[in-house]
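> Turn this into a structure:
(one chain, ligands or ions: 1)
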Amino acid sequence: MDDIVVRLTGLTRRFGSVRAVNGLDLAIARGTTLALLGPNGAGKTTAISMMLGLTQPDAGTVTLFGRTPTEAVRAGRVGAMLQDSGVVPTATVREVVELARALYPRPLATDRILAMAGLADRAGRRLDKLSGGEAQRARFAFALSGAPDLMVLDEPTAAMDVAARQAFWAAIHRYAAEGRTVVFTTHQLPEADEFADRVVVLAAGRVVADGPPAQIRALAGGRTVTFDAAGARLEGLELLPGVRSVQVRGDRVVLTTDDADATVLALAAGHGFRNLEVSAGLETAFLTLTAAGTEH
Ligand SMILES: Nc1ncnc2c1ncn2[C@@H]1O[C@H](COP(=O)(O)OP(=O)(O)OP(=O)(O)O)[C@@H](O)[C@H]1O
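Numbers count the residues shown, from 1 in each chain. Down below sits the predicted model:
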C-alpha cells in the first residue's frame, strides 16, 4: 500500500544465543511519529539498524517506500540520527551541514537546516565546543539536510537537559508537520507519551504492546493481572470492574486493570483462576507481557 512508509515482516536477528529482534512485524503509515519504547537490551537499536540496512537480518524483510533500505537511503528519502555516528570534531556546524547537503539530490538550504535544528546562532562553532544537547542537534541537522521523508532517530535526546529536549522536539514537530514520518527509540515512557502518536513497546525483541500513547500509559499506570487460561472461564473478562484490556498470551490470560482489587474479587466470584499474579508499573507490565509472550 502506498501509504505505508516502513514495513517490517518477520524481522529477526540473533547475536549468538541472544535473539535481539525476534519476528518483528510492523507497518508504519506516512505522517506517523512512532516511538519504539523498551528497556535496555530490548532490541530497539538492532531493529533500527536493520530498518536502515546497516545490519542484515537473519530472517524477514524490510521495505522503505516499497524499496530496499539501501535503495531508499540512496534516493535521499531517509535521514538517520544514530547513537554512535562519528563526525569530524574540528569542523564547524555549518561545515558539517554543507558536507551533508552535498550527499543528497535535493538538500534543504543551509540556513533553513540550521534554523530547523535550532542552531542558527551556533553555525560557526566547532563541533567539539558544543554542549551535549547542541551536539545532538548538530547530528539532527546532518540528518535533515537531505529533506528526507522518513527520519529515524535512535535515543535522540539521551544527552539533553529538559530545555534542550523541548527545543529538540519542537524542531521534530515542525519537521513532521509537513507530512513526514518519524521513528524514534526511547526507554522513557513520558517521552514516548508526549511526542509520539503511536507507541510500539518492544521487550526481548518482540512487540508487547502497540497503540496510541494513552493506551500505553494506561497499561503502565494500572495493574497487570495474569492467571492460567486453562480452567478459567474466559467469556466476559473485559466486562469485569476496572479491566481495560484482555489478552491471551500462550497459556496465560493477561488483564490490565485500573482496580486490581475489584477485578480479582469479581474474577474469584465468577470466573475462577489458577496461579494468579498481580503486578504494577510499566517495567513489570513489560516483563509480564514478555514472559507470557514467549510461551507460545
Ligand atoms: N553486535 C552485537 N553483538 C552481540 N550482541 C549484541 C550486539 N548488538 C546487540 N546485541 C544484543 O542484542 C540485544 C538487543 O540489543 P539492542 O542494542 O538492540 O537493544 P536496545 O533496546 O537498543 O538497548 P539500549 O536501550 O540499551 O540501547 C542485547 O541483548 C544486546 O546485548
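> Below-threshold pLDDT in the stretch 1-150 of the chain: ranges please.
Segments of the stretch 1-150 of the chain classed as low confidence (criterion: pLDDT under 70) are 1-2, 84-88.
> three-state assignment of residue 13?
Look at residue 13: counting by DSSP: H, G, I helix; E, B strand; the rest coil, its state is strand.
> Give the bridge partners for it, please.
For residue 13, the beta-bridge partners are residue 21 (DSSP bridges).
> Show me what from the stretch 1-150 of the chain comes close to the ligand.
15, 18, 20, 38, 40, 41, 42, 43, 44, 45, 46 (CB under 6 Å from any ligand atom). Where C-beta positions appear, they are placed from N, C-alpha and C, glycine not excepted.
> Among these, name the ones in helices.
The members of these that map onto helices under DSSP state H are 44, 45, 46.
> Which of the residues you listed are buried? Put it as a ChimeraX command.
A single ChimeraX command selects the buried members of these (16 or more other CB atoms under 10 Å):
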select :44,45,46
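> Nearest to residue 184 among the ones in helices among the residues of the stretch 1-150 of the chain next to the ligand?
Nearest to residue 184 among these is residue 44, at 9.5 Å by CB to CB.
> Spatially nearest residue to the closest one, not counting backbone neighbours?
Distances taken as CB to CB, 6 or more residues apart in numbering put residue 185 closest to residue 44, at 4.0 Å, once the chain neighbours are dropped.
> can you count the residues close to that neighbour?
Counted with other CB atoms under 10 Å, residues neighbouring residue 185 total 26.
> Who are the contact partners of it?
Taking CB atoms under 8 Å, 6 or more residues apart in numbering as the criterion, residue 185 is in contact with 35, 36, 37, 38, 44, 45, 48, 153, 154, 155.
> Measure how buried the nearest residue to the fourth one once chain neighbours are set aside is and give me the count.
Looking back up the chat, that one is residue 38. Nearest residue to residue 38 in three dimensions, chain neighbours excluded: residue 202, at 3.8 Å (CB to CB, 6+ apart). Counted with other CB under 10 Å, residues neighbouring residue 202 total 27.
> thinking again about what came up before, for the ones in helices among the residues of the stretch 1-150 of the chain next to the ligand, which one is nearest residue 126?
Closest approach between those and residue 126, by CB to CB: residue 45, at 28.0 Å.
> The closest one and residue 154 touch, don't they?
Yes. Between residue 45 and residue 154 there is a contact at 5.8 Å, judged by CB atoms under 8 Å.
> any common contacting residues for these two?
83, 185.
> who are the neighbours in contact with the residue of the stretch 51-200 of the chain found nearest the ligand?
Across the stretch 51-200 of the chain, the shortest distance to the ligand (CB to the nearest ligand atom) belongs to residue 187, at 5.2 Å. Residue 187 makes contact with 37, 38, 39, 40, 42, 44, 155, according to CB under 8 Å, 6+ apart.
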